[in-house]
Structure formats: C-alpha cells, structure tokens
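In: sequence first, predicted coordinates after that:
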Amino acid sequence: MTEFLLFNGFTPLRRSPADLFLDNGIGMLRANLKRAEIDFEINDPISLDKIQEFNHAELNASLRHLFKKQIFGETALRPDEYAKLLEQYQEMLAFHQHKMHQMLEDISDHVAAKQIPIVGIKLWAGSTFQYCIELCELIGKKSPETLLVAGGPQVNCYSFEGQILKLTPFDVAIYSEGEHALLQLILCCRYKHTKRKMLAAVQNANIPNCIYRAGKDVIVNPVEVADVNEKCFPEYDDLNGKVPVHTIVDALGCDYGKCSFCIHPCIYPKFRKRTPQLIVDEMVHMVRQGIGLFSFTASDTPLPHAVRISEEILKRKLKIDFTMLTRARRNAHKHTEHITEQFRVIVRAGLKSVFFGVESGNDHVLNEVMNKGVTANDMAVTMDCLRNAAKQESKWVNIIASFIYPVPLPLELKNKGLDSQTVLSDNLKLLKRMQPDSFHAIPGLLYPGTRWYTHPEEYDIHFDRETFPQKWITQEFSSHGYVTLGKTSLFSFGTQPFHEMIQESIEFMRKGNALGIPSDLWEEQFIFARAANITGIANLQRLSEDLHLDLLTCNDKNTRYLYDAASRYSRSLALSNTHLFSDTSEPSDENEPSQSAAV
C-alpha cells in the first residue's frame, strides 16, 4: 500500500530553462524514503515531452511575433496589437487550464482510489502555485482523510509566522531542509487512519522544520540545524526528458547572511559547509550515472571552501564542468594576488560560470539600504581577479552580474540628494567597468521575514501587511511576465508603485545593452551555449531571446536542440572520466589534509 505520494508542482509556463534540470531535492527525498523502506510514489511531470503536450500550435507563430515585438522590439506594440496579444495569451492560458484541470483530476482520483494517507506537494511560484492549490482542494474533496503536506521554495518564502498555512488549505508544511522532517512525519502518522489522528500525531512528535494546524492556530516549529554532512546522495530514477545537470549541496545558507532583502537567513539560520571529500564523492557518484555538469547550490560559496573542493576534484582527476554563486571579497583591492590564486585553482578544476549578486553600483545603497558589507569597488576588483585567473589558466569563465533596481531609498538618503537616477547612473558606471558576460536587473522584492518586510518604515516601503501576503504569493516571477501582462502594485518604494519599478529595471537593462553587454543570460544559457558551440554577443543574445519566447509561448520548437546538446555534452563529459568506470579507482582518503591555496 502506498504510504506517501509526492507531486512536483507543475505548470506549462516554466519560469526558467533550468526547470528541466535534475531536481536534487526530490532526489534526496527519494533516497531517504527508499532507505527507510517507505512505500511511496513520485509524480514529477516536469519534462520536455510533458510541456510539449501543452503547446497550442495554432497560436504559436502569432504569439511569438507579438511577444518579440513587445519585449525585444525597438517600438511598442500598437493598441490593436497589444489587445491581440492579451486575447491570444488568455486563449493559450485557457487551453492550459483545461488540460491542467484534467491532469489534476486524474491525480486526485488516483489518490482517492488508492486511499493514499499522505500527499506532499512541492510548491513553486506563479501559476504552478495556483495549480498546486487546485490539486490540494480536489484531493480534499475526494479523499478528505488524506493529510496534505506542502513543501518546496514557496513554503520557504512564506514560512514566516506560518503564513503558508494561513494562505492555503494545506494541513502541514515543511520548510528549510525537508527530507528528515518528512520522514519523521510519515513514520509518526503510520496506522493513523484519520486526518484528525495524523494531525494529533504530528503535534505530539514535535517535528523540527514543521508548520501545522492545531485547532484554529498555526504552529511553527523551529528549524533544526542538522549536520549537512549526513545528507544522502540524491537518486534519480529516470533522466529522460530532463537535462542532466546536477545541483549539488556544497553548503546551506550564506556565510554572510545579513542582507536586508534576503530570505536565506529565515530558511537556513546557520551557514553549514559539507566536507570537500563528500561533495566530490557525490560528484563521482553522479558521473558514474552519466552526469558531468554541476551547479553549486549555496547562495555564496566562499572562495576558501571552493578552493578545497577544487583541490579534491583535481586530486581525483575528475573531468567536469560546474557553476557557482559567490560574493565580492571585502577590501578586495588589498588581496588581489591571493584572490586571483584562489580563482586559478577553482578554474583549473572546471569552473565555467560565476553568478555575482552585485545588487548596486552605489555604496550608500549597498550598505545603508541593503547591508551588503562590500563596496562597488570590491565587486569590480573581485571580478577582475576571476577574469585574470581564467586568462592565466587559458580558460574562459562566464561572469553574470545581478542587480536590484530600483531599490527603496530611505528618506534620510533622499534628503541628502540620493535619487533613483543617481543610482541608475552608478549602476551603469559599475556595469561598464566590470564588463560581465551578462547582467540582469529586477526591482527589489518583498519577502516575509526579511528586514525590508519587518521594518518597512526604515526604507520608505509601503504595503498593506494584512492583504500583501495573500496577493503576492500568487504572483508570477518570470523575467518579463510583469511587463507583458499588466500592472501589479502591491507595494511601493516611496510613491513609486511596483509596475513602474518593472519598467525602470527594463530601461536599465536596455541602457546596459547599449553598452554592448548582453542581458538575461544566466548560468543555464551559458551551459547551452557551450554545449551547442554558440559564441559571439549577437548569437548569445539571440539564444536568450529564443529561450524567453519559447518559455512564454510554451513551445520548444526553436530551442529543443539546445536541451539536446546540453544533455549530450553532460553525458560525454561524464564518460570522459574513464578511470571511474573501472574497478581500479581508489576511494578518497577522508582523513588526508588539504594543502589549500585558501589557507
């Protein structure tokens, strides 16, 4: 008998090409449940073939043309063209909704027929979230004794004060690390045949990382700071329809963890690093399954930690490509030689792209509004060190710079003469100096639990605390969705509403493009470009546009070859590690000290 069913939240309108990468969270859950001998099912519909089932072929060409003109064109759509875009887009959404409703009906019928006692749903933002709520409600009607458990990114973003349960019909939610909490929940609910008894068991078990209903109250149990080195390796039972890129846990949280806009400290209250040996053991495990592309998951991989991981990769002669996120080094100009040497080791091990959270080119914004703890000069110098390191290693590493613009400006800074145009000018100066391979800008966003949210008066941020979470939780977070589909003004920075902020961020990107710097090329786009041997700014920008347009029109006609190329590249890279496919490879020595350039 199935004890537990997990559904990975799905929408035909993907947020990013990376949605088709391997889901390491589900992989870890699968491994944990197998180890505990739980009888479970996983329904993960996110695949190329499933998404293509939602392709409205009759609308594709027209929608693609209108979206291209609206987003990437030099002139705005005429009123009649904009009306046509909205009409056709709504027609496509109605087509999606009909097919999605049938899919969700089938899943809820399956749960009721098999009397599955616990169903977990992984929540994502936007229309995925709305479809997950629909599934939750269908199961609630057809199988009222089934315990409904929410997890995933959207739970993490709305765990503050238990908002996720206050805003949805779920019975229980699991936030932060979920694999151990979910297992405890399943075990404590065994042989409890009613929802009331299962909720009582959850309450009595006092499960960490768990949010649950107790009568009319919502209880939020604290986060357990578990040993990150005890995590099991994810298991992927089927790579078909997925791009074999493995997101690997190198650390959890952020080693800085003080940014006023960031949700990470609410999810992971303590920064925890995995040992380099375990990280590379997991890489070897994945390579033997034909996976050669990796993405580090920490919101900041500190350079000393990245160096030790890289030394372990080099020691084992592992041939892989990987990407990572990192911060600028504080007072970087005083340590350029050391930082460059650190990056050289990391590049030598297979680093192919780095995502920098630059946020702003204005130091007042960086430290008085965002509390970043670094300066614009630190950002530029750190990037220079990476670029020099790659050059010395005769490699090319793609650098992606992310900005938050517009930002809230406290009245104190405004009274000193700081305004949005000054910040924009400083952003463009820094962008021109850094010369990243790509950049991106989004307005500042509000997440419950962050300082911007809990102390809005300090930053001249305005929103209705009573209604904001309910409305904001359903918003779509694609790169261009706001611009295309109307006005959303759930909060404001000063007197500027959110839909005007979106326009400003797009204008910033257009001005950056005028400097010859592409925008909206993320790590996944550079993976595709490398795999398909696409070079040159114009070709890369065309690749980015094609991916965006395919996402918006739910069609992969123009970009399917990129996913196929990335899959072939990952497998060929894995197979190049011939020494791992024999019985003579030696296991790593857990106790051998690392001679690190980071020391």
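Out: That came through, no problem. It should be emphasised that the depicted structure is a prediction, and the values quoted were computed from it without experimental measurement.
In: spatially nearest residue to Arg571 (excluding sequence neighbours)?
Out: Spatial nearest neighbour of Arg571, excluding adjacent residues (CB to CB, 6 or more residues apart in numbering): Gly290 at 4.7 Å. Any C-beta I mention is one placed from the backbone N, CA and C, and that applies to glycine too.
In: give me the number of neighbouring residues for that neighbour.
Out: The number of residues packed near Gly290 is 15, by other CB atoms under 10 Å.
In: do a quick rundown of the helices in the stretch 1-150 of the chain.
Out: Assigned by DSSP state H, counting those that start in this stretch, the stretch 1-150 of the chain shows helices spanning 24-35, 48-52, 57-72, 79-114, 127-142.
In: contact partners of the shortest one?
Out: Just to be clear, that refers to helix 48-52. Residues from elsewhere that reach helix 48-52, judged by CB atoms under 8 Å, 6 or more residues apart in numbering: Phe10, Pro12, Arg14, Leu20, Gly241, Cys554, Asn555, Asp556, Arg560, Tyr563.
In: please tell me I have it right and the residue nearest to Arg571 contacts Ser576.
Out: No. Checked against CB atoms under 8 Å, the pair Gly290 and Ser576 is beyond contact range at 11.3 Å.
In: and Phe356, how close does it get to Val374?
Out: 11 Å (CB to CB, to the nearest Å).
In: for the contacts of helix 48-52, which one is nearest Ile506?
Out: If you rank these by distance to Ile506 using CB to CB, Arg14 comes first, at 20.6 Å.
In: thought Leu551 was touching the closest one, still the case?
Out: Yes. Using CB under 8 Å, Arg14 is in contact with Leu551, at 5.4 Å.
In: quick one on the thing from earlier: need the overlap of contacts for Phe356 and Val374.
Out: Arg327, Ala328.
In: re earlier: what residues are up against the residue nearest to Arg571?
Out: Gly290 sits next to Leu239, Pro244, Ser570, Arg571, Ala574, Leu575 when contact means CB under 8 Å, 6+ apart.
In: can you check the pLDDT for it?
Out: In this model, Gly290 is scored at 94, pLDDT.
In: tell me the domain ranges of this structure?
Out: Structural domains assigned to the chain are 4-220, 243-457+500-534, following automatic domain parsing.
In: can you list the helices of the stretch 1-150 of the chain in CSV and add distance to Pro497, mean neighbour count and mean pLDDT?
Out: CSV is the format used below for the helices of the stretch 1-150 of the chain (distance: least, CB to CB, whole Å; neighbours: other CB atoms under 10 Å; pLDDT from 0 to 100):
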stretch, distance to Pro497, mean neighbour count, mean pLDDT
helix 24-35, 35, 19, 95
helix 48-52, 33, 16, 89
helix 57-72, 20, 17, 90
helix 79-114, 20, 15, 96
helix 127-142, 23, 20, 96
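In: so which of those helices comes closest to Val307?
Out: Nearest of these to Val307, taken as CB to CB: helix 24-35 at 23.0 Å.
In: what residues does that closest one touch?
Out: Around helix 24-35, the neighbours that count as contacts under CB under 8 Å, 6+ apart are 4, 6, 8, 40, 42, 44, 122, 152, 178-180, 182-183, 186, 231-237, 246-249, 297.
In: one more: stretch 58-68?
Out: 77, 81, 84-85, 88-89, 91-92, 484, 545, 549, 552-553, 555, 557.
In: quick one: which of the contacts of Gly290 sit in helices?
Out: With DSSP state H as the criterion, helices contain Ser570, Arg571, Ala574, Leu575 from among those.
In: neighbours of Thr553, how many?
Out: Neighbourhood size, Thr553 [other CB under 10 Å]: 26.
In: if you could redo that for Asn229, that was the one I meant.
Out: Residues near Asn229, counting by other CB under 10 Å: 12.
In: isn't it right up against Gln277?
Out: No. With contact defined as CB under 8 Å, Asn229 does not count as touching Gln277 (9.4 Å).
In: for this structure, name the helix or strand with the lowest mean pLDDT.
Out: helix 481-484 (a mean of 41; mean pLDDT, DSSP states H and E).
In: helix or strand right after that one?
Out: Tracing the chain past helix 481-484, the next element assigned as helix or strand by DSSP states H and E is strand 491-493.
In: by contact count, what packs against that next one?
Out: strand 461-463, helix 498-514 (3 or more CB pairs under 8 Å, 6 or more residues apart in numbering; DSSP states H and E).
In: got a markdown table for those, with mean pLDDT too?
Out: Output for the helices and strands packed on strand 491-493, formatted as a markdown table (pLDDT from 0 to 100):
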| stretch | mean pLDDT |
| --- | --- |
| strand 461-463 | 96 |
| helix 498-514 | 91 |
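In: report the longest strand in this protein, please.
Out: strand 351-359 (DSSP state E).
In: follow-up on the earlier one: ok, which of the helices of the stretch 1-150 of the chain comes nearest Glu282?
Out: Going by CB to CB, the one of the helices of the stretch 1-150 of the chain nearest Glu282 is helix 24-35, 9.7 Å.
In: export that closest one as PDB, just CAs?
Out: Extracted in PDB, the C-alpha atoms of helix 24-35 (Å, rounded to 0.1, in the frame of the first residue of the first chain):
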ATOM      1  CA  ASN A  24      18.100  17.300  -6.300                       C
ATOM      2  CA  GLY A  25      15.500  17.900  -3.600                       C
ATOM      3  CA  ILE A  26      13.200  15.300  -4.900                       C
ATOM      4  CA  GLY A  27      16.300  13.100  -5.500                       C
ATOM      5  CA  MET A  28      17.200  13.300  -1.800                       C
ATOM      6  CA  LEU A  29      13.700  12.600  -0.700                       C
ATOM      7  CA  ARG A  30      13.600   9.500  -2.900                       C
ATOM      8  CA  ALA A  31      16.900   8.200  -1.400                       C
ATOM      9  CA  ASN A  32      15.700   8.800   2.200                       C
ATOM     10  CA  LEU A  33      12.400   7.200   1.600                       C
ATOM     11  CA  LYS A  34      14.000   4.200   0.000                       C
ATOM     12  CA  ARG A  35      16.400   3.800   2.900                       C
END
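In: helix, strand or coil for the closest residue to Ser576 other than its chain neighbours?
Out: Once flanking residues are discounted, Ser576 sits nearest to Lys319: 5.0 Å by CB to CB, 6+ apart. Taking DSSP: H, G, I helix; E, B strand; the rest coil as the rule, one finds Lys319 in the coil state.
In: contacts only, for Lys319.
Out: Going by CB under 8 Å, 6+ apart, Lys319 touches Gly292, Gly350, Leu573, Ser576, Asn577.
In: quick check: the last one touching Leu318?
Out: Yes. In terms of CB under 8 Å, Asn577 counts as a neighbour of Leu318; the distance is 6.3 Å.
In: quick one, helices of the stretch 401-550 of the chain?
Out: Counting by DSSP H, counting those that start in this stretch, the helices of the stretch 401-550 of the chain are 411-415, 420-434, 451-454, 468-472, 481-484, 498-514, 523-531, 537-553.
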